[in-house]
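Asks: Could you work out the structure for the sequence below:
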Amino acid sequence: MPNAAMKHDKDPRQELLKLIGDLSEYEIGPKQVLIATYRRPEKTLGGIIMPRSNLDEDLFQSKAALAVKIGEGAVFCGKPVVVGDWVVVRPSDCWALEVNFVHCRHIYDDQIRARIPQPGMIW
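Replies: Down below sits the predicted model:
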């Protein structure tokens with residue numbers, strides 16, 4: 001499915017952080033990053049309703065994710081990775097799991113491919 005500008009009724013960063021909740025007792029290893037998988041909303045800016053099957057594929061193919069827990073010393077391009085960063089990853093480099101019922105992935109910082117301002121920038 002090619003990239004399309006999506007209509008967000010709510011800020012996806014705030015929504016993912018709210019959904020995943022408190023991670024203060026979730027310990028993560030050095031140089032690791034826990035990322036929440038970005039899932040596109042149902043409607044594009046042009047009003048097209050995306051089929052559920054396309055949206056469900058985001059769990060497996062989405063390359064955009066939100067950093068939600070950072071291990072000690074995790075950096076990208078010499079700058080620390082921080083909670084709330086949108087990052088680009090290759091899904092096959094990650095270990096998929098659910099945390100607090102949110103689809104997430106574990107990844108090492110050297111597997112982050114880019115940092116982006118918002119998730120709809122890539123597909």
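Asks: How about the contacts made by residue 37?
Replies: With contacts defined as C-beta atoms under 8 Å, 6 or more residues apart in numbering, residue 37 is in contact with 58, 59, 62, 65, 96, 103, 104, 105. Glycine gets a C-beta too; all of them are placed from N, C-alpha and C.
Asks: go on, residue 90?
Replies: 63, 111, 113.
Asks: May I see the residues you listed organised as TSV, with secondary structure and neighbour count added?
Replies: Formatted as TSV, the contacts of residue 90 follow (DSSP: H, G, I helix; E, B strand; the rest coil; neighbours: other C-beta atoms under 10 Å):
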residue	secondary structure	neighbour count
63	coil	18
111	helix	18
113	strand	13
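Asks: min pLDDT across those, which one?
Replies: Lowest pLDDT among the contacts of residue 90: residue 63, with 92.
Asks: And the strands in this structure, which stretches?
Replies: Here the chain has its strands, by DSSP state E, at 32-37, 64-70, 75-76, 79-80, 86-89, 95-99, 102-108, 112-116.
Asks: Contacts made by the fifth one with the rest, please.
Replies: Read it as strand 86-89. Against strand 86-89 from outside (C-beta under 8 Å, 6+ apart): 13, 33, 35, 38, 63-67, 76, 81, 105, 107, 111-119, 122.
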